[in-house]
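A.B. asks: Fold the stuff below for me.
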Amino acid sequence: MKAAVFVRPGKIELQEKPIPEVGPTDALLKITTTTICGTDVHILKGEYPVKPGLTIGHEPVGTVAALGVAVTGYEIGQRVIVGAITPCGQCNPCLESHHSQCGGHAMGGWKFGNTIDGCQAEYVLVPNAMANLTSVPSQLSDEQVLMCPDIMSTGFSGAESGQIRIGDSVAVFAQGPIGLCATAGAKLKGASQIFAIDSLEKRLEMSSRLGATTTINHKTRDPVEVIKNMTHGRGVDVAIEALGTQQTFESCLRVLKPGGVLSSLGVYSGKLTLPLDAFAAGLGDHKVVTTLCPGGKERMRRLLNVVAAGSVDLKTLVTHRFKLDEIEKAYDLFANQRDGVLKVAITP
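C.D. replies: All right, here's what the predicted structure looks like:
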């Protein structure tokens, strides 16, 4: 089969690999659509280490090609999605509902394209299949559900971890794909005032369509000043960090009310520091919570329900489409953020 393989920092290339053999609790998925994530770009740049030779990618939509002897309740040819996080469902962290930390290791639930071969390929082997396969309703297209495995789950979790309540004010710093999903999640959770901050007008326009009530281009306006003025100096109840930089993390703290929640989704590299004035020297009753994309079949079932009900339409985030043979071209476009790209659809 063809697969996009990490060779070294700066190099992901299409290679031929054997189709995986199916173990008793596994399923083999034939990929029909997948995509590239910002985390894959971190891997490409060498900012997140993985082993050379690993197939990259963690957002699969496809059909069941083979099932292990212990896997029941599914059939060959069935359309399914699998979350970017594939918990075993049996370890202590999973039983405590910390599926992303499966096995008791930080980020242990993230296996595709991290510790095992991922899904930017013609086939992917799904571990613990009965905990991870979720049937896709026939009326939904691949592109309608393509965001569910990762960015929809991640963005929504930023709103959920922030414990947004009806009538809350929320700021979402950065309106990339995950930030846009966080904006949509804040709207679904009942926030009445949603500030979306970015430097790209097309992304800010998209955030308005997904629920933002105020958009702020940080190149032309100071978001901290604007938000403080529009909340009459109070600050927001919840600030969601969706980029992973010192500046956006610090800005979240500066717009957050005392006692508010900073919900962090960003992947940080290097050193992250707390500005003591914005953090009230540690005495402001702030809560800082981090979240890795929730996974597992129950999470995917719930997200599919949201899509099927028409509560949010994220297929508009797919701005470019490529064949798997063009994966290197797709990475070049996505990593360099050209041509207004948000998400790309990859079809083998």
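
A.B. asks: State the distance from residue 106 to residue 125.
C.D. replies: With distances taken as Cβ to Cβ, to the nearest Å, residue 106 is found 23 Å from residue 125. Where C-beta positions appear, they are placed from N, C-alpha and C, glycine not excepted.

A.B. asks: Have a look at these two and say which one is more surrounded.
C.D. replies: Counted by other Cβ atoms under 10 Å, residue 106 and residue 125 do not tie: residue 125 has more neighbours, with 23 against 10.

A.B. asks: list the contacts for the more buried one?
C.D. replies: Under the criterion of Cβ atoms under 8 Å, 6 or more residues apart in numbering, the contact list for residue 125 reads 20, 21, 22, 26, 27, 28, 29, 116, 117.

A.B. asks: Excluding covalently adjacent residues, which one is nearest to it?
C.D. replies: residue 20 (3.8 Å; Cβ to Cβ, 6 or more residues apart in numbering).

A.B. asks: Give the phi and psi angles for the one you found, as a check.
C.D. replies: Dihedral angles of residue 20 (phi, psi; degrees, to the nearest 10) stand at phi -60, psi 150.

A.B. asks: Could you check how far it is from residue 300?
C.D. replies: 21 Å.

A.B. asks: As a quick check, tell me the outermost residue of the chain.
C.D. replies: Farthest-out residue of the chain from its mean C-alpha position, per Cα atoms, centre = their mean: residue 232, at 32.7 Å.

A.B. asks: In contact with the residue most central in space within the chain, which residues are there?
C.D. replies: Geometric centre of the chain, nearest residue: residue 151, 2.7 Å, by Cα atoms, centre = their mean. Contact partners of residue 151, counting by Cβ under 8 Å, 6+ apart, are 37, 59, 177, 178, 181, 314, 317, 343.

A.B. asks: Make a markdown table out of those and add pLDDT and neighbour count.
C.D. replies: Formatted as a markdown table, these follow (pLDDT from 0 to 100; neighbours: other Cβ atoms under 10 Å):
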| residue | pLDDT | neighbour count |
| --- | --- | --- |
| 37 | 94 | 26 |
| 59 | 97 | 31 |
| 177 | 95 | 26 |
| 178 | 96 | 31 |
| 181 | 98 | 29 |
| 314 | 95 | 25 |
| 317 | 96 | 24 |
| 343 | 96 | 23 |
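
A.B. asks: Relative to residue 129, which of the residues you listed is nearest.
C.D. replies: Distance to residue 129 across the contacts of residue 151 (Cβ to Cβ) is lowest for residue 59, with 17.1 Å.

A.B. asks: is it true that the closest one touches residue 29?
C.D. replies: No. With contact defined as Cβ atoms under 8 Å, residue 59 does not count as touching residue 29 (11.9 Å).

A.B. asks: Alright, I will stop here.
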